[in-house]
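**Student:** Structure of the sequence below:
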Amino acid sequence: MGYVENNLMDGEEVVYKANIHWLILLPGILQAALGIAVIVLWGLSGEYRYIALGAGGLILLFALWTLLKALITKLTTELAVTTRRVIAKMGLIRRNTMEMNHSQVESFVVDQSILGRLFDFGTLIVTGTGGGRTPIPNIDAPLEFRRRALETIDASQ
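**Tutor:** As a prediction, the model looks like this:
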């Protein structure tokens, strides 16, 4: 059970859950490919072999760090619309949460780049009645999340 399920109020149910898009793993994958290419192309032979092996190894180490950070972000971010609230939880050790009652939600703004439109991801900004803005970057299918949230909020009022 995740954060959302553990913090539901009596009678509250999850209507829709969203995830972070898989594309956040792409920078780490590309870095790993570059590290492997450096090792294979320049590290297997030639006079710069040890420099290429070291550089390729450092690139692979950095790629592993980048992939690990992205994977932790993907696995530890929870986004949900319930029958009473909109809930977002981000973080593993350091946790950042946003829980807003339907009556306090003023608007949802979806920001998508060209790449985001092609691969269906973007940043969802939840604006509350007090002027608070909570951006949720790299959400998968942000228009679907917004549609489901608005439908649920309309049905509850």
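**Student:** got the buried residues for the lengthiest helix in the chain?
**Tutor:** Here the longest helix in the chain is taken by residue count, with DSSP state H as the criterion, and it is helix 49-76. Within helix 49-76, the residues scored as buried using 16 or more other Cβ atoms under 10 Å are 52, 55-56, 59-60, 63, 66-67, 70, 73-74, 76. In short, each C-beta sits where N, CA and C put it, glycine included.
**Student:** now, which of these sits nearest Gly46?
**Tutor:** Sorting the buried residues of helix 49-76 by how near they are to Gly46, with Cβ to Cβ, puts Ala52 at the top with 7.5 Å.
**Student:** picking that back up, can you put the buried residues of helix 49-76 in a markdown table and add pLDDT?
**Tutor:** Formatted as a markdown table, those follow (pLDDT from 0 to 100):
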| residue | pLDDT |
| --- | --- |
| Ala52 | 82 |
| Ala55 | 89 |
| Gly56 | 89 |
| Ile59 | 96 |
| Leu60 | 96 |
| Ala63 | 97 |
| Thr66 | 97 |
| Leu67 | 97 |
| Ala70 | 96 |
| Thr73 | 94 |
| Lys74 | 94 |
| Thr76 | 93 |
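**Student:** Would you reformat those as CSV and include distance to Ser156?
**Tutor:** Shown next, in CSV, are the buried residues of helix 49-76 (distance: Cβ to Cβ, whole Å):
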residue, distance to Ser156
Ala52, 61
Ala55, 57
Gly56, 55
Ile59, 51
Leu60, 50
Ala63, 45
Thr66, 41
Leu67, 40
Ala70, 35
Thr73, 30
Lys74, 30
Thr76, 28
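**Student:** what about the helices in the protein?
**Tutor:** For the chain, applying DSSP H gives helices covering 3-6, 26-38, 49-76, 114-119, 142-156.
**Student:** Just list what the second one packs against, helices and strands only.
**Tutor:** The one in question is helix 26-38. Helix 26-38 is packed against helix 49-76, with contacts defined by 3 or more Cβ pairs under 8 Å, 6 or more residues apart in numbering; DSSP states H and E.
**Student:** Let me see the contact set for the nearest residue to Glu5 once chain neighbours are set aside.
**Tutor:** Leaving aside its chain neighbours, Glu5 sits nearest to Val14 (7.2 Å; criterion: Cβ to Cβ, 6 or more residues apart in numbering). Under the criterion of Cβ atoms under 8 Å, 6 or more residues apart in numbering, the contact list for Val14 reads 4-5, 8, 80-82.
**Student:** Good, we can wrap up now.
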